Every structure is written in C-alpha cells, then in structure tokens.
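> Here is my input, please return the structure:
(chains A and B)
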Amino acid sequence: MRIVRSWLAEYCDLKRLSDEKLGDLMTSLGMQVESMEVVGTPVAGVVVAKVLRTERHPDAAKVHRVWVDAGDATERHVWCGAFNMKAGDLVPLATLGTTMPDGREILRRGILGIDSEGMLCSAAELGLSSDAAGIMILPTGAKLGRNVFDALGVKRDVVYDLDITRNRPDATGHLGVARDVAAKLGAKFTPPKGDAAKKGGVRRVPVKVVDEKACTRFNVTVMSGIVVRPSPDHLARRVLAAGMRPINNVVDASNLVMLECNQPNHAYDAAKVATGFRIRKAKAGETLTTLDGVGRTLDPNDLLICDGDDRAIGIAGVMGGADTEISDTTTEIALETAWFEPSGVRLTSQRLALRTEASARFERGVDPLGVDYSVARFAAILRESCPNLVVHGGATDARTKHLPKSPVVTVRVAQVNRVLGTDLGAKDVSALLGKIGFVCTPKKIAAKKGSAVQSGAGFSVKVPSWRPDCTDEVDLVEEVARHVGYDTLGKHVSQSTQPGGLSPLQQRRRALRDVVLSFGASEAMPNPFLAPGDHERAGVALELAALELENPLVVEESLLRTSLRPGMLKAIAFNVSHRAKDIALYELGHVYRAKATSGAVMHGDASATHNLPDESEQLCIMAVGVDASVAVGWWSQITAVFGVGAQLDQSRVPAGYHPTRSATLARGKQMVGYVGEIDRMVLASYGIEERVACLEVDASVLLGESPKVPVAKPVSRFPSSDFDVAFTVPAKVSAAALQRAIKQAAGSLAEEVSLFDVFRKAPSDAARSLAFRVRLRAPDRTLTDTEVASARTACISAAEKLGCTLRG
Amino acid sequence: MSGAGDHVDRITEALKTAMASLESAGDVESLRRVANEHTGKGSVLVGLKSALGSISDVEVRKATGRAINDAMQSLDALVAERLSHLERAAASVAAAGEAMDLTEHLSRRSRGHAHIVTQAWERLEDVFVGMGFKVAEGPEVETDFHNFTALNMPPNHPARSGFDTLFVKYGDAGSTLLRTHTSPVQIRVMQEWDLPIYAVMPGRVFRRDTPDATHMPVFHQIEGLVIDKGITFAHLAGTIEAFTKAFFGSDFTSRLRPNYFPFTEPSAEFDVRSSNGKWIELGGCGMVHPNVLRAGGVDPEVYTGFAFGFGIDRMAKERHDVADLRDMYANDLRFVRQF
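Got it, this is the predicted structure:
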C-alpha cells in the first residue's frame, strides 16, 4: 500500500516528525515500511516560458520550430515534436544543461543544422503526472522564467510503500493508517467531511440481490451535473503518487475514495444501467469483456453484476465490464458501493489470475458500514471539478441478512497482563483501544473454572466495523500490545525448568556424520523429488509405486524418492563430469514409501504418524574409483562405533548392484542395507566409467537402537601367545566364515582372530591364500606351549573341514 | 709408613690421569670402557680405597678416605656429563642421516565436508541446547491437520491453496502434503510430550516455488516452542535477545515489530543488527494462539507459550556470503569442499 505523507497529514497532525521517524512509527505499529520514495522534487533549470510563435520546416515532418520567451528578454528557438501548443501558451522549458528526472542532460542538439536551445517538456517528463500526450500547458499568470515546480506549487512529498498484513484491512486506506498513527502520536484524528447533500430529486435504480450471501450490501446512488474532464492537478498528482494512473475526474474520484476509505466502488454511465442491477452467480461458460479489454469465461462460483436485463456488466469485486464504462460525454453516473464476501472474491480473482486494487481489498474485508461515508466522500471529491454536481435522493441500499455485524468481545484486563507481562490498569486498556475505535464498556468478569486468570475488571468491547479481523479476546490483546509498543514490553529470558539436550538418537546421528566425514565423504543434498524413470535408471527395485505429487511444478519433480541412490548417482555423475578428484559423497536424508497395508490419511486426521506414508531416514555413501572392500570397510567402522552388527549376505545381490561384488546387510530377517559396488550397467547410464563403491543403510535402524553400555572386564596381567595360520581357501568359503570357524576352534582362550593378509597368485584366481593371526590369552595364568599347540591344531582342523588347506 | 701427603699425591695423580682419558674418549663405548678402567675394580682409586685399612693414623685415614671419595665423585660427574654430550652428538649424527622434507606430503582423500546447512543446523541446535531446549523432529510428509488446521488455518485459508503447497497423492485428496513449515512439529510435541515444553524443531520443508537465487522448493527451517505457566511476551522478546547474542555475538541486538501469522497472537517479526549495522529481518514469532494450544491439547487458560521460527539456509547463505541458494544444492565438490 502506497501511503502519501501529505495525504496522511490532512487527517492527523504529524507533529513535524521527520520522514524517517514517521516510517519507523508505522513499522512499529505493524505497517512495515518496505521503501520510502521522495516525489515532486523540483527539477532545477526547468522554467516557465511563453510560446511566441511556431513554424514548420519544409524538410522536417515530425517536428516543428518553436520560439519561446523565458522572461530574460532573449528569444530562444527549440525544436519540438508535439503540436499541442499555440502562441501565448505557457510551457515548461528545460534550459540547456538541465538534468531531467530520467537522467538525460539537455544539450544543444540541432536538427538540419539548426540548434535547439533547450526542450519543452510533458508532465510525464517532469514526473508530475503520467500525461505524456503533449507538452504540458501551464496555468496562465505564471511568471516567466520562474521554476515550473515553484510556479505550480508542487511540494516535495514522501510516499511510503507499506507491507500491510492480512489482519489489517483498514490500513489499505489512508484513513485507517492515519487513525493508527494519530492514536500512537496522541494527535487528533480528523477524517474529512463528506458531501451527502441530496439536492436532486429522487432517482431510484432497481437492485435485485440474487445471491444474498455473496453480496450482502449493494448501494447505487445516482449523481448528475457531471462534466468529465481531467482532475484538478493536486488530485491527479495524489492519484499518481499512490501508484495509480489519473484517468478523468470521475474515475479518479472513485480511486481516491478507495485509497482513502478502503472502499472500492464503481461509477457506471447512468444511461447504460437504467434497467437496474441484478447480482447473481455466473452461469457456466458465461463470458464478459472486462475493462482491460480481455474476454473472460466465467464459472458458477464467480459473482456477477448484471443489468436489469440480466446481462453481465462486471465481475463483482474484481473488475467492471467495458460496455458500461463512463465516456467523455457522460453527465449522469450511477455509483455502485458494495460489500462482497471475501473468500468468493479471492477465489474468482485467483482463478482468473486477475488481482486488482478492488479485489485485494474485498478479499481482506472492507467496512460493511462504510458505504454511506464513501458515497459522501465521492461527491465531495468530484464536486471540486464539477461544481454543478447533484446527488440524487432515493439511492437504493440493498442489504441482506448476511451483512456482517460487528462482534462484541469480552476482554479481561488480567488476561491482557498475563499474555503481555504488563501491569496495565483497566483505564489504560480502554484508552488504548478507544483511540482506534473500539468502544469499551466496563464489566466485572468472573474467573473461569480452572483458569489461571482471576476474576476482575474487564470490558465488553464493540469492535469497529472496519476491523473484521478482531473476533476474539486475543485479537484485542494484540491491539493493546501494538499500541503500548512491542519495544516497551521488556525482555526477560524464560528459564527452562528442564535440562536441554539432544536426544540419544540425535547424538548418535551426529556421531554417525562424524564417522562418515572421516571416510572422506562430503555431504550432498540432492533433490528428494524424482522424475518418472529415475528409480529404474538407478536400479532401485520398487515393491510399490513411488508416491506421486498431486501438483508438481514440473514433471521431472513429480515423484517422492524411495531411495537415496538416484539422487546420489546424479550428484556423483555431475562431479565425475567436472573431473573432480577423490569423489566421495554421502547423504543422510528421508525417503518416503506408500504403505503396503491399509492406513491412509483422512481429512482432518489428527492422529499420530501411523496413517502417513512410511518415512525413514537413510544413509548413502558413495566413492568413485575404489572397490567394494572400501564400502565394507565403511560398514565395519560404523558397526564398531554403533555396536550394531549385520551379516554380509553375498548370496542376496541387491538390485542395481554389482552381481559379484555386493551384499545385503541383514540382521536375522531384518534387512538393514546394501554394500558393495554399483552395477556397471547402471553406472554406464550415468556416464560413469570408474568403479563406484556404495553403502546404503537404514539409518533409522542404526540410530534407533541404543548401544549396550559395555561392562568393564578385568584386563589379564598375563602375556598373550600369538600364532599365525595361512590357508589356501576355495572361492566358495568366505573369509568371514573361515574366521568364525577359527575363532570357534580356538575356544575361550581366543582373544582376537584377525585376517592380516590376502594373496592371489593371479588376480583372476578364485582360490586365494588367507592368513590369520590368532592371539590367545588366559585371565589367570601364562599359557603353556602345549595349550597353544593344541589350539593351533584345532584351528587347522576346523579350516580343513571347510575345505581349506594349510599353507606351509 | 708413608704420610697423608703421599696418599693425596697419588689420588691427585690418579684423578688427573682419569680425567684426561675421559675427556679424550670419543664415543660412548670408549667412554664407558675408560670410566671402568679408572673407577672400576682394579683401578688405582679403588686400590687405594681398599688399602685404607692399612693406614693406622686415624686422621690420615679419614683425610685419605675423603680425598678418594671426592675424586670418585668428580669422576662420576665427569662421566655423566661426557656421556650426555656424546649421546647427544651421536643422536644428531643419526638425525642428520634421516633428514626428511615434510612438504613431500602425498595428497590423499582427506576428511569430508559437511553441508553448510548441516553446519548451521548443528550450530543453532547447540545454542538452543545451551539455553535449556530439547530438539524435536517430525515427519516431512504431513497431514493437512498438523500442517494447517491445527495451526489455526481453517480449510478456506489462503495459504492452503495448491499454489504454495505440494500435495501428495495419498489418502483423501488434499489430506496429505509435504510440510510447508516446521510448525506442525509444534502440534506433535504438544500432543506427545509432557508440559512444560522448551523445544526447538529443525527440519526440511517444502514449497511450490521455482528455484531462484533466493528461493528453493526444498529448504530448512528451525522453529522454537515454549509452553509453561506464566510465559509472557516479555519472555519471547528475552529469549530472542538471548539467542541473538549467543548466535551472532554479544554486540548484536534484536527487536520485535508487529506482524501477522495465523498461529500466533500477538505476532511479531524479529530483526537483528550489530551495534553499527542495519536491521536484518530474520524470522517470525509470537505468543502461541489459544486455538493452536487447544489443538495440541493444552489449556490456554492455564498455560501460555511462545513460538518462533526462521530459515536455516539463509543463515548459511549469509554466513558464507553465498550469492545464489542454488549453489548450495548443486552438490558440486568444488563448492562443498570450501567449507
């Protein structure tokens, strides 16, 4: 909302507040100043000049020569492209060297070898109005040579662009802002007088409101004695400053009323609406050409203004039709001032993508009782340019039973203080509210059962009709807070009565990140939305179709991921294509899966998460140019930190993984993840040639379990006995299986069995040599050579049972 | 019988000889050998010591004994000093032989880099944990009840349209969505936790926005919720101020100014600035609306509370002076590894 300082000053003494202070004050009241613009700044060097004579040049068709007198007894010659002036007219002359508001400098630039000693200006070029049609003709009597701005009495003004929140419909008019500012400043609020004198005879226009809910009030007042002409300069400038385009005195008056009282209204040519008005919902497929010349197809939810013959002439609250517009010859108008139901206007305006100054106001809620004042203000403003204006009696004011009534709200002074932490008395509260139009009637209020608010003073508050947002006690608490000033309410730190902290799960998540970062993997955050086909390309098996978005922005982002792999592969491929070194990434993020069993969200479902899709946190780590053993290494370090183990089941090859270099991580029947290398075919589809090691783990499982707290065991004081055994191991026996067998065979004395060497004669050999180091120790004695030897024999025979041969 | 002078002369002589040979020993081994020759069995001094018993004059015997001890002590000290000197010399010769250029450092995979949003997220959590808050989480796919209705945004509320919200095809049409803010976690915390509540709720949120330099359809917020008996607007302002100083630095201050949100009332926008800077708009806050407390099963006549929330991505963007939010989500290692 653009608020003009000089306009505000007419309704409230601004007490010489600086422009910045006034801005701060409005911001402190919740009307945030987004920008501040100074307008009407005089342009130095533009002076009043009299046209002496004009002359065409035979070789110049589009321009003519104008001789002017700027009061310095010199005759100057300028070229000019506009022809609207005649000898004797006063015009603005930008003298040589003038810098125009658009930044251009006036130079002696000649045409056909003849110099131009300056430039004649349009009102638009001087920033005085949007009129760029011709050279501005100044009022007679202006002193030659005087600065044009001084001669016109144009004063510097400031326009504030305010961000008005949804709960302040009144602040989309200068009056509403002025009322708030005056209350805060302790200044008198002086709204302007209307001109409601009904001088003319009765002129009644029939009005039939068909949809009584969507339109609760519809006033039509006929005015005659109108001469359509440009608005007086000061009004036109005001329209312009407020961000609209001056059109003519009637349209401008209409807009000024809206900008002042927040009441949109529409002036029809009375002759064109003589049959009256019907306000009804549109028929499906009905069409109307709106004022902007666009043909619009309507919907049965749209509210229409129709003439007495039921022909659509406007979309209620949004925009009028082109046919009933006033013209230059209009002498009588029918002024419509109405109240339309906010959400209906919003839906129509949204559906048509047609947001207007009017629709923006109706959808927030205008004052249902502000109609009469707005009509009177319209007459008063228009009378400035139409001294013979007649306002006819017998205006139709159709009201339906749905016209909103201002509620009466009970306010407890103790509740105000309880929420704000203040110590306000009843008088303070009523004074603060009274200044902005809330009428407070004192009453004693008994405590509600179980309430922390005790019985005491309070008020029945009649909410003003321009504040439809205020319906509950808490709304009035906010009004008190706004006017007391948020900055005076104090700053006390609330002392938490409980220890803060991360939950055990959150602490483990941090530990997990720390471990993963130590692998050299950096964190990626790929898009959780996928395109159809993305899962398949990444080799992700879908048991159920991925969840779809109802209204995706683009089809490439229409599915919710069920796996982190597609996004990660894309991120990996991106870095591969940019030839990054040592590519290793990880993501810790959510995936979403439809539920296999029943249970879906219903409207208004307040239940816990069990009806929602399955959502779980997953970890995915990928590194380029390393093999599956690295991924297994990641997993073994993670299990070491979290104490959560899993079997590597290489017989279950995860979909999308390398057929002979991957495994499923299983804990009993529960599948917790995948480890290994990504399938070459999958990689090829991403343009990745190198190996990609990958670990995917259900982090919900990993983080959800609290690791057992280890119980201290006494450390043996006796020396250990170590021996190494190496075997030739056939392909079908996994190292893990052999290690388990050895450990079991070594018995309770085995402290540690570790694989320390793997050797293949040729890389393609299936069989390989595996060497283990076995460390034996007893808690209570030094082991004898016999004990060690028998343990070694047991280990060898256990290995041989598996088909391994001891190496010499 | 010889006199005391005779003994002393022999001791002095032995000491002199011993010292000279110790000084001339060039390495640790020869030093040990020489030391043994002059102070060990069979050395002159030990010989003299064992002959002490044959000196009959008590005074002479005592004086001679003292002289021998003194000489032995001088020799021990000299041996220790020479030993330490020779060991040091040997070590430095050895070190010279194994000289290493420490800049011959092979570059290999180093520690990974956490996303700057994660870094900001964790810093924020830490500040609030220090202020006595717990950290709560909730699902990203939400019900319209938790995301809207319970937050005092009834079914016809403008923010609920498909223009801003991404709906998921699941359950009743319009019932399931990607949460548009972290505020639904407020409702879940109220439903599930015991009072009083001091919680922050960081998380990923979604809007139907086309990505540009300052908007992403997927971004992150942190939300705070305090519900207790006797909580007032002044506590809200005080908590925001304490957070501002803790997170941005003690020279920063905060202010609240009126704004409008459906789920809080009175509502405010909070701005922060350094002692000489401009006000920077940071986030929204306010006293929890009684309707929201009721939706969470809390009696507004007994408890009051406040809530606040702001974007985490913007914190990261401002801290590291990132020009375009999209850079933060390109997963380009050249970018990620800067932080």
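> Closest residue of the stretch 601-750 of chain A to chain B?
A:Val601 (3.5 Å; CB to the nearest CB). The C-beta positions use only the backbone N, C-alpha and C, and glycine is treated the same way.
> Now do the same contact list for that residue.
A:Asn611, A:Leu612, B:Thr143, B:Asp144, B:Tyr170, B:Gly171, B:Asp172, B:Ser175, B:Thr176 (CB atoms under 8 Å, 6 or more residues apart in numbering or on different chains).
> element containing the residue in the stretch 251-400 of chain A positioned nearest to chain B, please.
Nearest residue of the stretch 251-400 of chain A to chain B (CB to the nearest CB) works out as A:Ser343 at 5.1 Å. Using DSSP states H and E, A:Ser343 sits within helix A:342-351.
> what comes into contact with that helix?
Contacts for helix A:342-351 (CB under 8 Å, 6+ apart): A:214, A:299, A:301-303, A:315-318, A:355-356, A:359, A:362-365, B:156, B:158, B:161, B:163.
> What helix or strand is residue 92 located in?
Just so you know, I chose chain A. Following DSSP H and E, one finds A:Pro92 within strand A:90-94.
> You answered for a different chain; I wanted chain B.
Applying DSSP H and E, one finds B:Ser92 within helix B:58-97.
> Give me the neighbour count for the residue in the stretch 101-250 of chain A that chain B sits nearest to.
Across the stretch 101-250 of chain A, the shortest distance to chain B (CB to the nearest CB) belongs to A:Thr165, at 3.5 Å. Using other CB atoms under 10 Å in any protein chain shown, the number of residues around A:Thr165 comes to 19.
> Touching, it and A:Thr172? I think so.
No: assessed by CB atoms under 8 Å, A:Thr165 is found out of contact with A:Thr172, at 10.5 Å.
> now A:Val641, what's its secondary structure?
Put simply, A:Val641 is helix when judged by DSSP: H, G, I helix; E, B strand; the rest coil.
> how's the chain carved up into domains?
You didn't say which chain, so I picked chain A. A:2-40+A:157-185, A:46-152, A:207-399, A:408-486, A:504-596+A:612-704, A:721-806 (automatic domain parsing).
> ah, I was thinking of chain B
Using automatic domain parsing, the domains assigned to chain B come out as B:4-97, B:116-336.
> can you tell me which of those domains the model trusts least?
Lowest mean pLDDT of the domains of chain B: domain B:4-97, a mean of 89.
> which other residues reach the strand holding A:Pro92?
A:43, A:45-51, A:68, A:70, A:76, A:78, A:85, A:100, A:106, A:118-121, A:126, A:135-140, A:142, A:144, A:148.
> Inside strands: which ones of the residues you listed?
Residues from those lying in strands, with DSSP state E as the criterion: A:Val46, A:Val47, A:Val48, A:Ala49, A:Lys50, A:Val51, A:Val68, A:Arg76, A:Val78, A:Met119, A:Leu120.
> Selecting buried members of those residues in ChimeraX, what would you type?
Under the burial definition 16 or more other CB atoms under 10 Å in any protein chain shown, those of those that qualify are selected in ChimeraX by:
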select /A:46,47,48,49,50,51,68,76,78,119,120
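> want to throw the ones in strands among the contacts of strand A:90-94 into JSON lines with distance to chain B?
As requested, the ones in strands among the contacts of strand A:90-94 are exported to JSON lines (distance: CB to the nearest CB, whole Å):
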{"residue": "A:Val46", "distance to chain B": "35"}
{"residue": "A:Val47", "distance to chain B": "40"}
{"residue": "A:Val48", "distance to chain B": "42"}
{"residue": "A:Ala49", "distance to chain B": "45"}
{"residue": "A:Lys50", "distance to chain B": "50"}
{"residue": "A:Val51", "distance to chain B": "50"}
{"residue": "A:Val68", "distance to chain B": "48"}
{"residue": "A:Arg76", "distance to chain B": "48"}
{"residue": "A:Val78", "distance to chain B": "46"}
{"residue": "A:Met119", "distance to chain B": "40"}
{"residue": "A:Leu120", "distance to chain B": "43"}
